[in-house]
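# my questions are about this predicted structure, shown below with the sequence.
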Amino acid sequence: LAKTTQPISMDSYEGQEVNITCSHNNIATNDYITWYQQFPSQGPRFIIQGYKTKVTNEVASLFIPADRKSSTLSLPRVSLSDTAVYYCLVGVFSGGYNKLIFGAGTRLAVHP
Amino acid sequence: DAGVIQSPRHEVTEMGQEVTLRCKPISGHDYLFWYRQTMMRGLELLIYFNNNVPIDDSGMPEDRFSAKMPNASFSTLKIQPSEPRDSAVYFCASSFDRGGMNTEAFFGQGTRLTVV
């Protein structure tokens, strides 16, 4: 499974755009990149998934460069409720099965 | 669907007692995952099942931990005997296999276990 590296923590202010970058240098050809969000006292929640270029949904955008060795989760105009831990997952498909391994994640704090 | 349902939400037990955590996955999902989360170790994958069969239990900390999935709608995680270091939040999650993509897992609310 591809190892991921992301910042331990980030701070932002309401209304700003937040970009969280995840490095995954040994991503495999068939690997997808998936991001989860976890609020305190809750289980993680799927945000977005992509393979290459750009993916956008109602919550976030995911930018993946051509070499796919990194990816950036973009949260537009964050609010206080976006304070959470964000996890980047790569290579969840292992040995023919889905194996969801979470790293340490990025703790995002949004301030008024 | 009501989502992944875990019970109990909170459990306080004495060291040495048996603890059983329960999980009902989303109907139609063929994967079920058990995780443990602590401040020190983060979110650890303990074991996961595919079509009720345990695929990988390498994350189970020791023989005191066991998990079963007798049918597609129910799974248990048992700790016997329990120890204070087992105190954590235990999450159950389920997902539907789409051949590697869209591996969106749905998590339950978790069981907060305290062993005193």
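Received the coordinates, thanks. Numbers count the residues shown, from 1 in each chain, chains lettered A, B, ... in the order given.

# what does chain B have sitting close to chain A?
By Cβ under 8 Å from any Cβ of the partner chain, the residues of chain B that approach chain A are B:4, B:31, B:33, B:35, B:42-43, B:45, B:48, B:50, B:55-56, B:91, B:93, B:95, B:97, B:100-110. C-betas here are computed from N, CA, C, even on glycine.

# so what's the residue count around the closest residue to chain B within chain A?
The minimum distance from chain A to chain B, using Cβ to the nearest Cβ, falls at A:G43 (2.6 Å). Neighbour count of A:G43, defined by other Cβ atoms under 10 Å in any protein chain shown: 23.

# these two touch, right, it and B:F91?
Yes - between A:G43 and B:F91 a contact is recorded at 4.8 Å, counting by Cβ atoms under 8 Å.

# so what sits against both of the two?
Shared contacts of A:G43 and B:F91 (Cβ atoms under 8 Å, 6 or more residues apart in numbering or on different chains): B:F107, B:G108, B:G110.

# ok, of these, which one's closest to A:Q16?
B:F107 (28.0 Å; Cβ to Cβ).

# excluding chain neighbours, what is closest to the closest one?
A:G43 (2.6 Å; Cβ to Cβ, 6 or more residues apart in numbering or on different chains).

# do you know how far the one you found is from B:L113?
15 Å (Cβ to Cβ, to the nearest Å).

# ok, now A:T56?
Counting by Cβ to Cβ, the gap from A:T56 to B:L113 is 39 Å.

# and these two? Which one has more around it.
Per other Cβ under 10 Å, whichever of A:T56 and B:L113 has more neighbours is B:L113, with 21 against 13.
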